[in-house]
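*Asks:* Show me how the following folds:
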Amino acid sequence: MGSDLPVLLAAMSILSALHMGFQARLVGWSRMKHKILPPSVTGPAEFERTFRTHQNGVELYPIFLVVLWTSGIFCNEVLAALVGLLYIVGREMYFTGYINETKKRLPGFYLVLCAILILCRMASVGIIQSFLDKYHDIKLF
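*Replies:* Here you go, the predicted model:
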């Protein structure tokens, strides 16, 4: 195994997958607590917030993985992994805040949004730089 493997990106991917699994388990516990059988997704407000916040994470997860890996491969793996960690922290803040009260989700939401935007910017800069270098022999950085 070479040292050029993207080990930090892989570690962030596994950590984020475990985090998503943990949050899915919390949805299951909320189902049991409130006696809500699948496929029903309605019930007490606490359950609906728990279910909805997990669904929000599921909806955003593919975008996170794409920009994490693209920014890490084309720009900077260490920085991408650190921003990926911020994303996971933001998702947890969002999850716990949303379960308690919908307005409390906003700090986590803004942290997640910032992480995604930073990773998008890194990916874009890295791709443009790689494109110019590969196809036009122009080295910007």
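
*Asks:* now stretch 47-65, how far from the centre of its chain.
*Replies:* Centre-to-centre, stretch 47-65 and its host chain are 10 Å apart (Cα atoms, centre = their mean, to the nearest Å).

*Asks:* Give me the mean pLDDT for it.
*Replies:* The pLDDT scores in stretch 47-65 average 97.

*Asks:* The chain should start at 11 in everything you say after this.
*Replies:* Fine by me, first position is 11 from now on; the one you just mentioned is stretch 57-75.

*Asks:* pull the CA atoms of stretch 130-137 into PDB?
*Replies:* What follows is stretch 130-137 as a C-alpha-only set of coordinates in PDB (Å, rounded to 0.1, in the frame of the first residue of the first chain):
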ATOM      1  CA  CYS A 130     -17.200  23.200  -3.200                       C
ATOM      2  CA  ARG A 131     -14.800  26.100  -3.600                       C
ATOM      3  CA  MET A 132     -11.800  23.900  -2.900                       C
ATOM      4  CA  ALA A 133     -13.000  21.300  -5.400                       C
ATOM      5  CA  SER A 134     -13.600  24.000  -8.100                       C
ATOM      6  CA  VAL A 135     -10.200  25.600  -7.600                       C
ATOM      7  CA  GLY A 136      -8.500  22.200  -7.600                       C
ATOM      8  CA  ILE A 137     -10.300  21.000 -10.800                       C
END
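
*Asks:* And the average pLDDT for it is what?
*Replies:* What stretch 130-137 shows for mean pLDDT is 98.

*Asks:* Just the buried residues of that stretch, please?
*Replies:* For stretch 130-137, the neighbour count (16 or more other Cβ atoms under 10 Å) marks Met132, Ala133, Val135, Gly136 as buried. Yep, even glycine has a C-beta here, placed from its N, CA and C like the rest.

*Asks:* wait, isn't the last one in contact with Leu89?
*Replies:* Spelled out, it's Gly136. No - using Cβ atoms under 8 Å, Gly136 makes no contact with Leu89, being 10.4 Å away.
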